[in-house]
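[1] Curious how this folds, go ahead:
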Amino acid sequence: MSTVVALASTEPSDALVRYLEEVGFDVTPVRTPSSAPREGILVWLTDRLDDDRAILDSVRIWLGSKSKLRAIIVTERPIRLKEIVDGSRGRVCVLPAPVFSWQLVDALRDDTFKLR
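    Residues are numbered from 1 along each chain as shown. This next block holds a predicted model:
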């Protein structure tokens, strides 16, 4: 069974979706985290104009109380999102932008981050 990934981006890249599918993920591209299915892992490629507080709030809402959900946030300001990583009990990973596709795959496959 492949891991479900909701790829949130203002302009989801067809090439990235294909790449993730080719390496074994079941990918659903969405424009906002609020429209992402609440299963698997949310990968949010944030925009430089996204408000840090809005990012934190959106991810917390998406994660909710479902302990099996995980989120990866790709941002140009990773240190500003330290609060959500510290309070997430291992459910959130922040990667500094720009990120290569293989780095995203490594984060998705990280044993400490996989769904349990």
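[2] For residue 114, report the pLDDT, please.
    We have a pLDDT of 48 for residue 114.
[3] Show me where the protein dips below the pLDDT cut-off.
    For the chain, residues meeting the criterion pLDDT under 70 lie at 1, 111-116.
[4] okay, which residue is most central for it?
    Geometric centre of the chain, nearest residue: residue 43, 2.0 Å, by Cα atoms, centre = their mean.
[5] what pairs with that residue across the strands?
    residue 7, residue 72 (DSSP bridges).
[6] And residue 56, its phi and psi?
    Dihedral pair for residue 56: phi -60, psi -50, per degrees, to the nearest 10.
[7] Nearest spatial neighbour of it, chain-adjacent residues omitted?
    residue 84 (5.0 Å; Cβ to Cβ, 6 or more residues apart in numbering). (C-beta placed from N, C-alpha, C; glycine too.)
[8] host element of that neighbour?
    Assigned by DSSP states H and E, residue 84 falls within helix 82-86.
[9] Pull out the buried positions in that helix.
    84-85 (16 or more other Cβ atoms under 10 Å).
[10] name the helices or strands packed onto it?
    helix 52-63, strand 92-96 (3 or more Cβ pairs under 8 Å, 6 or more residues apart in numbering; DSSP states H and E).
[11] before we move on, the earlier item: wait, isn't the residue nearest to the centre of the chain in contact with residue 6?
    Yes: with contacts counted by Cβ atoms under 8 Å, residue 43 reaches residue 6, the gap being 7.0 Å.
[12] List the contacts of the residue nearest to the centre of the chain.
    5-8, 71-72, 74, 104, 108 (Cβ atoms under 8 Å, 6 or more residues apart in numbering).
[13] neighbours of residue 21, just the number please.
    Look at residue 21: counted by other Cβ atoms under 10 Å, it has 13 neighbours.
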